[in-house]
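A.B. asks: I'll drop the sequence and a predicted model, then ask my questions.
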Amino acid sequence: MTITLKRIALALASTGLLAIYGCGGGGGSGGGATDVPVTVIDGAIKNATVCLDKNNNGACDSGEPSGQTDVSGKVTLKVDPADAGKYPILAIVGTDAEDFDTGLVLVPFTLKAPADKPAVVSPLTTLVQTTLEGTGQTSTEAEALVRAQTGINVSLFDDFTKGISDDSKVASTVARLIVITTQQQITALVSTVGTAALDGSMITKQKVDRAIQKRVLERMPALMTALQDAAVLAAAPGAAKEAALLTQANKLVVDSGLTTGSIATVVAIDNQVASPPVVAATPPTAGFSLANLNFTDSSNFFVRLFTASAAQNTPDAINNVKYVERRQRSNAGNLAKWGAGVDPWRQADLHWNGSAWVNC
């Protein structure tokens, strides 16, 4: 039996290894609103609902500045100046939406972008925002991490549909496979919406969306490998390419570990991370966060941790804290350990232990 855990926070210091984005203020934009232009793309997406997700709940609620995209995927939000650049942008792509490249949207999905990078909302900015939410990094740091994982050589905040370079085409193909994989995973889990999570809470569409976005991010190495499939590389743009990507997306979903049986546990864990208990301030201590665990038995497993010493958890002069990323994989008892990256060949990377750079 293979158990897949998405994310659980353990023994976090008061400063926290990872920043969790909680509730923001309410209300709409008042007089003197700031114009925030947004473009939503896979191809340009018409009729997407776009909003400032002030409470970070994955829904466009009453009182949050919102609007519908036009045929070019554009909309301008009217935002209170006090809120501009403060909250992430959310795009809800429903079955009334239309993708300029692929036609009517048959399976609804959501996209998002960091608060300080609202101009473009795409599958790639969704990866960045998901990384940001999970690590507490800045949008620049999160983008750099995603680019390192994907090998994309253009800004993830740019409109890749307007680029003509090979790099822009790669970005477009990666984005398309993310969307198709997300849609197939949503379809596989749609029956669980409205059922109970392991902690007794209700599994909502928004919670399923968030679980899928996190899982897609964690599975980026596998997704990038799928793009090297011979059928994908040989397929001509259009229907043939869509069919080849769909085949790979279905394989990724089968191997994702997100099933109707596991989603109740995944949502319960995400709830724990999203709603930590309120505790009195205490001095920084050592701690760790379990970011991912795939466990079959004691000889076959994968684990990814973020760890920090008390010194690393102590904010520096500019209020930054540090952490160390650690990964271990055992295959038939053969154990490999490494730091950042997708494979053990990165194990020679250095990390900062609080006083010196050392090997992972």
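C.D. replies: Happy to help now that I have it.

A.B. asks: so is residue 180 in a helix, a strand, or just coil?
C.D. replies: helix (DSSP: H, G, I helix; E, B strand; the rest coil).

A.B. asks: low-confidence ranges, the stretch 51-200 of the chain, go.
C.D. replies: The model of the stretch 51-200 of the chain has no residue with pLDDT under 70.

A.B. asks: can you confirm residue 288 is in a strand?
C.D. replies: Yes. Per three-state DSSP, residue 288 lies within a strand segment.

A.B. asks: secondary structure element for the closest residue to it other than its chain neighbours?
C.D. replies: Distances taken as C-beta to C-beta, 6 or more residues apart in numbering place residue 307 nearest to residue 288, at 4.3 Å, with adjacent residues excluded. No exception for glycine: its C-beta is placed from N, CA and C like everyone else's. Taking DSSP states H and E as the criterion, residue 307 maps to strand 300-308.

A.B. asks: what sits against the residue nearest to residue 288?
C.D. replies: 17, 286-289, 323-324, 326 (C-beta atoms under 8 Å, 6 or more residues apart in numbering).

A.B. asks: neighbour-wise, which of those residues leads?
C.D. replies: Most neighbours among the contacts of residue 307, by other C-beta atoms under 10 Å: residue 17, with 26 neighbours.

A.B. asks: spatially central, which residue of this protein would that be?
C.D. replies: Geometric centre of the chain, nearest residue: residue 130, 2.7 Å, by C-alpha atoms, centre = their mean.

A.B. asks: hmm, residue 213 and that residue touching each other?
C.D. replies: Yes. Here residue 130 reaches residue 213: they are 4.8 Å apart, a contact under C-beta atoms under 8 Å.

A.B. asks: shared neighbours of those two, anything?
C.D. replies: In contact with both residue 130 and residue 213: residue 112, using C-beta under 8 Å, 6+ apart.

A.B. asks: ok so, going back, angle of the helix or strand just after the strand holding residue 307 against strand 300-308?
C.D. replies: Later in the chain than strand 300-308, the nearest helix or strand by DSSP H and E is strand 324-331. Angle, strand 324-331 to strand 300-308, by axes from the mean of the first three to the mean of the last three C-alpha atoms, to 10 degrees: 170 degrees.

A.B. asks: mean confidence for strand 324-331?
C.D. replies: Throughout strand 324-331, pLDDT has a mean value of 85.

A.B. asks: buried stuff in it?
C.D. replies: 324-327, 329-330 (16 or more other C-beta atoms under 10 Å).
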